Structures are given as C-alpha cells and as structure tokens.
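K.L.:
Turn this into a model:
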Amino acid sequence: MLNKSAETSHPIHPLLRDRWSPRAYAQAPVPGTQILSLLEAARWSPSGGNGQPWSFIVIPRADEEDFARAVSCLMEGNVIWAQQAPLLIIAVAQTMREGGVPNTVALYDLGQAVAHLSVQAAALNLWVHQMGGFSQEKARAAFEIPEGFAPVTFIAIGEQGELEALPPALREREAAPRSRKPLDTFVFGAKWGDASPLLESAI
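P.N.:
You can find the predicted model right below:
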C-alpha cells in the first residue's frame with residue numbers, strides 16, 4: 001500500500017496527516033456497516049442553523065446499472081480510474097431553504113459533512129477521492145435531483161488498490177509527493193496579505 005503521509009510543519013492528528021486521495025482502488029466491496037458509519041459521521045457535522053443541507057446518493061459497484069449511470073456523469077479523466085472503485089457517492093447540497101430563500105452556506109455545510117465522512121473513512125482504513133469533474137446536468141437527470149438541490153461532488157470510496165493497476169500517466173501522478181501552500185500564504189493578521197504574527201512566534 002502506498003504511504004503518502006504529509007510532512008507537516010506542526011503536529012496534527014494522524015488520521016489527518018495520513019489521509020490522501022488515491023485513484024487505485026481494490027475490488028473488495030465496502031461493507032454496509034462501514035458505509036453507514038461514514039454517513040453517520042456526515043450526519044453529525046455542524047451546519048448553519050442546524051439546517052443540515054446535505055443529501056448523499058449511495059451507489060455500490062454491485063448495483064451495476066446505477067453504477068454505470070453514475071460513471072456516465074464523470075469526465076473522461078475520472079472515468080479511467082473511478083469506474084474501478086467499489087463505491088461512489090454523490091454529495092448534494094440543498095441550495096434553497098423552504099420558502100425559496102437561498103441558503104448561502106449550503107456548500108460550506110456540505111463540505112464540512114464530507115470532511116467528517118473522509119476522516120471517518122480514514123479511521124476505517126478506507127480511502128476517499130472527491131471529484132468535481134462531472135456533468136451536473138447529467139447527474140441531475142440521471143438521478144432525478146430536484147430543483148433547489150445541486151450535485152456538488154462525486155466521491156469514490158474503498159480500500160487502496162495496487163499502483164500497477166493504473167495507466168502509466170496516472171501511476172506517476174499517484175506516486176508523486178503531496179504538497180500544500182505554506183501557512184504564511186493564507187493565514188493573515190489584522191490586515192489582508194500580512195502574515196499572522198502567530199506564524200513568526202512559531203518559528
């Protein structure tokens with residue numbers, strides 16, 4: 001199994017440090033009990049006004065017809081590897097509150113819920129890869145998603161597979177080191193663009 005633990009500047013929880021987004025998935029199905037644990041973690045995520053503006057369409061690979069419809073919504077670059085994942089989930093945000101009022105924090109809240117899901121997955125030794133490369137129109141039509149709700153991301157989940165199962169170009173990307181922007185590029189003090197004094201004190 002490929003290990004890509006982050007080289008962090010400051011200590012973080014091992015589940016966060018070791019989490020990354022593989023493209024090589026094993027064929028073993030994700031047990032229903034584990035899927036329910038992932039969704040339960042998402043369920044207990046915080047949300048604005050406790051609105052919980054998230055829904056999840058769960059599509060195991062064993063459900064061949066539904067899985068094929070889900071894969072057909074993906075961009076070609078994602079189809080190559082995501083079609084091998086044992087589980088796809090479509091994360092959907094409720095963008096309109098009751099009464100037709102826009103929910104301006106729906107995407108934020110959905111993102112938090114999926115983050116909870118991804119950490120729970122790491123605790124279960126499952127691997128999550130989120131995808132923005134899909135057709136919203138196709139997903140909306142294929143899964144009858146109503147107005148006021150927006151499919152935001154597709155999520156592949158499963159056990160990590162062998163690197164050799166990927167095409168050469170993807171294999172190279174898979175094995176590449178992880179990287180992140182340094183804190184001083186996005187953590188500011190009282191003025192936008194000025195690095196927080198906290199960062200200087202931590203050196």
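K.L.:
does the spatially most central residue of the chain count as helix, strand or coil?
P.N.:
Centroid check for the chain by Cα atoms, centre = their mean gives Gln130 as the closest residue, at 3.5 Å. Recorded secondary structure, Gln130: strand (DSSP: H, G, I helix; E, B strand; the rest coil).
K.L.:
and it, what is it in contact with?
P.N.:
Gln130 sits next to Ser21, Ala91, Val114, Ser118, Thr153, Phe154, Ile155 when contact means Cβ atoms under 8 Å, 6 or more residues apart in numbering. Quick note: C-beta positions are derived from backbone N, CA and C, even for glycine.
K.L.:
Check Gly99 and give its pLDDT.
P.N.:
Listed pLDDT for Gly99 reads 84.
K.L.:
moving C-terminal of the strand ranked longest in the chain, what's the next helix or strand?
P.N.:
For the chain, the strand that runs over the most residues, judged by DSSP state E, is strand 149-158. Beyond strand 149-158 on the C-terminal side, the first helix or strand identified by DSSP states H and E is helix 168-175.
K.L.:
Compute the mean per-residue pLDDT across whichever helix or strand comes after that following helix, please.
P.N.:
Going down the chain from helix 168-175, the next helix or strand is helix 197-201, by DSSP H and E. Taken as a whole, helix 197-201 has an average pLDDT of 85.
K.L.:
Having no further points to raise, I will conclude here.
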